[in-house]
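> please work out how this folds:
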Amino acid sequence: MKNLLEQWVDEYSDFLYNLAYYKLYDEDLANDFVQETFISILKNEENLDSIGNPKSYLATILSRKVIDHWRKKEVKTTSNFSSFFHQDGKQEGHWKADAMSKNDLNFLENELDNKELREIIMECFEALPENQRIIASEKLLNDRDTDEICNEYGVSSSNLWVIIHRAKVRLRACIENKWYKDESM
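Model (predicted):
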(Lines give C-alpha, C1' and ligand atoms only; values in the text may rest on other atoms or scores of the structure.)
Protein backbone atom coordinates (compact mmCIF):
# COMPACT_ATOMS: atom_id res chain seq x y z
CA MET A 1 0.00 0.00 0.00
CA LYS A 2 1.25 3.45 -0.90
CA ASN A 3 2.00 5.98 1.76
CA LEU A 4 0.23 9.34 1.73
CA LEU A 5 3.06 11.20 0.01
CA GLU A 6 3.15 8.69 -2.85
CA GLN A 7 -0.61 9.05 -3.24
CA TRP A 8 -0.26 12.82 -3.43
CA VAL A 9 2.49 12.52 -6.03
CA ASP A 10 0.24 10.29 -8.15
CA GLU A 11 -2.85 12.40 -7.62
CA TYR A 12 -1.52 15.98 -7.82
CA SER A 13 1.60 15.93 -10.02
CA ASP A 14 -0.27 16.77 -13.22
CA PHE A 15 -2.21 19.56 -11.52
CA LEU A 16 0.98 21.04 -10.07
CA TYR A 17 2.79 20.76 -13.39
CA ASN A 18 -0.02 22.63 -15.18
CA LEU A 19 -0.01 25.30 -12.50
CA ALA A 20 3.77 25.69 -12.65
CA TYR A 21 3.81 25.76 -16.44
CA TYR A 22 1.09 28.43 -16.44
CA LYS A 23 3.26 30.58 -14.18
CA LEU A 24 6.65 29.86 -15.76
CA TYR A 25 6.02 28.95 -19.42
CA ASP A 26 8.97 26.58 -19.26
CA GLU A 27 8.54 22.78 -19.20
CA ASP A 28 11.84 22.03 -17.48
CA LEU A 29 11.34 24.66 -14.79
CA ALA A 30 7.76 23.49 -14.25
CA ASN A 31 8.99 19.91 -13.70
CA ASP A 32 11.71 21.16 -11.35
CA PHE A 33 9.23 23.13 -9.28
CA VAL A 34 6.86 20.18 -8.98
CA GLN A 35 9.74 18.07 -7.69
CA GLU A 36 10.84 20.83 -5.30
CA THR A 37 7.29 21.08 -3.97
CA PHE A 38 7.18 17.40 -3.08
CA ILE A 39 10.72 17.45 -1.71
CA SER A 40 9.84 20.35 0.58
CA ILE A 41 7.00 18.41 2.21
CA LEU A 42 9.27 15.41 2.83
CA LYS A 43 10.67 17.31 5.80
CA ASN A 44 7.24 17.23 7.47
CA GLU A 45 6.03 13.89 6.13
CA GLU A 46 4.77 12.82 9.56
CA ASN A 47 2.35 15.81 9.61
CA LEU A 48 0.73 15.12 6.24
CA ASP A 49 -2.33 13.50 7.82
CA SER A 50 -3.28 16.80 9.44
CA ILE A 51 -3.50 18.70 6.13
CA GLY A 52 -7.14 19.29 5.24
CA ASN A 53 -6.91 20.20 1.56
CA PRO A 54 -3.72 18.75 0.05
CA LYS A 55 -4.35 20.23 -3.40
CA SER A 56 -4.55 23.77 -2.02
CA TYR A 57 -1.62 23.12 0.32
CA LEU A 58 0.60 21.88 -2.52
CA ALA A 59 -0.49 24.71 -4.83
CA THR A 60 0.43 27.26 -2.18
CA ILE A 61 3.88 25.75 -1.70
CA LEU A 62 4.47 25.70 -5.46
CA SER A 63 3.21 29.28 -5.89
CA ARG A 64 5.53 30.57 -3.18
CA LYS A 65 8.48 28.77 -4.75
CA VAL A 66 7.67 30.36 -8.11
CA ILE A 67 7.39 33.81 -6.51
CA ASP A 68 10.78 33.31 -4.87
CA HIS A 69 12.16 32.29 -8.25
CA TRP A 70 10.90 35.48 -9.91
CA ARG A 71 12.16 37.64 -7.05
CA LYS A 72 15.65 36.34 -7.69
CA LYS A 73 15.35 37.20 -11.38
CA GLU A 74 13.55 40.50 -10.82
CA VAL A 75 13.76 43.06 -13.60
CA LYS A 76 12.31 46.51 -12.92
CA THR A 77 10.32 48.22 -15.66
CA THR A 78 7.77 50.99 -15.64
CA SER A 79 4.55 51.34 -17.56
CA ASN A 80 1.26 53.14 -17.39
CA PHE A 81 -1.86 51.09 -17.99
CA SER A 82 -4.18 53.94 -17.01
CA SER A 83 -4.21 55.25 -20.59
CA PHE A 84 -6.15 52.12 -21.59
CA PHE A 85 -9.02 52.76 -19.14
CA HIS A 86 -11.65 55.45 -18.66
CA GLN A 87 -10.79 57.36 -15.51
CA ASP A 88 -14.14 58.90 -14.56
CA GLY A 89 -17.89 58.68 -14.93
CA LYS A 90 -19.95 55.59 -15.69
CA GLN A 91 -17.20 54.11 -17.85
CA GLU A 92 -14.53 54.29 -15.13
CA GLY A 93 -12.43 51.16 -15.19
CA HIS A 94 -13.64 50.04 -18.62
CA TRP A 95 -11.40 49.74 -21.66
CA LYS A 96 -11.25 52.73 -23.99
CA ALA A 97 -12.16 51.31 -27.38
CA ASP A 98 -10.09 53.87 -29.30
CA ALA A 99 -7.06 53.72 -27.00
CA MET A 100 -5.66 50.50 -28.38
CA SER A 101 -3.40 51.18 -31.34
CA LYS A 102 -1.23 48.42 -32.75
CA ASN A 103 1.72 49.81 -30.78
CA ASP A 104 -0.36 49.80 -27.61
CA LEU A 105 -1.29 46.17 -28.19
CA ASN A 106 2.37 45.27 -28.64
CA PHE A 107 3.21 47.19 -25.46
CA LEU A 108 0.45 45.42 -23.55
CA GLU A 109 1.58 42.01 -24.82
CA ASN A 110 5.14 42.75 -23.71
CA GLU A 111 3.91 43.84 -20.28
CA LEU A 112 1.93 40.63 -19.87
CA ASP A 113 5.13 38.70 -20.53
CA ASN A 114 6.88 40.78 -17.88
CA LYS A 115 8.02 38.55 -15.04
CA GLU A 116 7.71 41.27 -12.42
CA LEU A 117 4.09 41.84 -13.37
CA ARG A 118 3.42 38.11 -13.22
CA GLU A 119 4.96 38.05 -9.73
CA ILE A 120 2.74 40.93 -8.61
CA ILE A 121 -0.32 39.19 -10.02
CA MET A 122 0.50 36.03 -8.08
CA GLU A 123 1.18 37.99 -4.87
CA CYS A 124 -2.19 39.70 -5.26
CA PHE A 125 -3.86 36.39 -6.02
CA GLU A 126 -2.44 34.89 -2.83
CA ALA A 127 -3.61 37.94 -0.84
CA LEU A 128 -7.26 37.28 -1.73
CA PRO A 129 -9.56 36.00 1.01
CA GLU A 130 -9.41 32.21 1.07
CA ASN A 131 -12.85 31.53 -0.44
CA GLN A 132 -12.21 33.98 -3.30
CA ARG A 133 -8.71 32.64 -3.93
CA ILE A 134 -9.81 29.00 -4.00
CA ILE A 135 -12.91 29.47 -6.14
CA ALA A 136 -11.28 31.96 -8.52
CA SER A 137 -8.26 29.70 -8.98
CA GLU A 138 -10.48 26.70 -9.70
CA LYS A 139 -12.38 28.63 -12.37
CA LEU A 140 -9.78 31.02 -13.79
CA LEU A 141 -6.52 29.08 -13.46
CA ASN A 142 -7.72 25.49 -13.59
CA ASP A 143 -10.65 26.16 -15.95
CA ARG A 144 -12.95 23.85 -14.03
CA ASP A 145 -16.61 23.51 -14.88
CA THR A 146 -18.91 25.84 -12.95
CA ASP A 147 -21.20 23.02 -11.81
CA GLU A 148 -18.25 20.99 -10.48
CA ILE A 149 -16.99 23.94 -8.45
CA CYS A 150 -20.49 24.70 -7.12
CA ASN A 151 -20.97 21.09 -6.02
CA GLU A 152 -17.52 20.77 -4.46
CA TYR A 153 -17.66 24.02 -2.48
CA GLY A 154 -21.40 24.16 -1.81
CA VAL A 155 -22.12 27.48 -3.52
CA SER A 156 -24.82 28.42 -5.99
CA SER A 157 -23.92 29.35 -9.56
CA SER A 158 -24.86 33.00 -9.02
CA ASN A 159 -22.84 33.12 -5.79
CA LEU A 160 -19.85 31.61 -7.60
CA TRP A 161 -19.92 34.42 -10.17
CA VAL A 162 -20.26 37.04 -7.43
CA ILE A 163 -17.21 35.55 -5.68
CA ILE A 164 -15.24 35.55 -8.94
CA HIS A 165 -16.27 39.15 -9.70
CA ARG A 166 -15.19 40.28 -6.23
CA ALA A 167 -11.90 38.44 -6.63
CA LYS A 168 -11.29 40.18 -9.97
CA VAL A 169 -12.07 43.59 -8.46
CA ARG A 170 -9.65 42.96 -5.58
CA LEU A 171 -7.01 41.63 -7.96
CA ARG A 172 -7.25 44.70 -10.16
CA ALA A 173 -7.01 47.10 -7.21
CA CYS A 174 -4.06 45.20 -5.74
CA ILE A 175 -2.22 44.98 -9.07
CA GLU A 176 -2.74 48.67 -9.82
CA ASN A 177 -1.57 49.60 -6.33
CA LYS A 178 1.58 47.46 -6.43
CA TRP A 179 2.42 48.14 -10.08
CA TYR A 180 1.96 51.91 -9.96
CA LYS A 181 3.54 52.21 -6.52
CA ASP A 182 6.77 50.88 -8.04
CA GLU A 183 6.46 53.35 -10.92
CA SER A 184 6.19 56.40 -8.69
CA MET A 185 9.49 55.66 -6.92
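
> so for the closest residue to residue 135 other than its chain neighbours, what pLDDT did the model give?
In this structure, residue 135 finds its nearest non-sequential neighbour in residue 163, 4.9 Å apart by Cβ to Cβ, 6 or more residues apart in numbering. C-betas here are computed from N, CA, C, even on glycine. pLDDT for residue 163: 93.

> please apply the same query to residue 156.
pLDDT, residue 156: 92.

> same deal with residue 71?
Reported pLDDT for residue 71: 76.

> which SSE is it in?
Using DSSP states H and E, residue 71 maps to helix 54-72.

> in that helix, which residues are buried?
54-55, 57-59, 61-63, 65-67, 69-70 (16 or more other Cβ atoms under 10 Å).

> show me what it is packed up against.
Secondary-structure packing of helix 54-72 (3 or more Cβ pairs under 8 Å, 6 or more residues apart in numbering; DSSP states H and E): helix 4-24, helix 27-42, helix 115-127.

> got a markdown table for these, with mean pLDDT too?
Below are the helices and strands packed on helix 54-72 laid out as a markdown table (pLDDT from 0 to 100):
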| stretch | mean pLDDT |
| --- | --- |
| helix 4-24 | 87 |
| helix 27-42 | 90 |
| helix 115-127 | 83 |
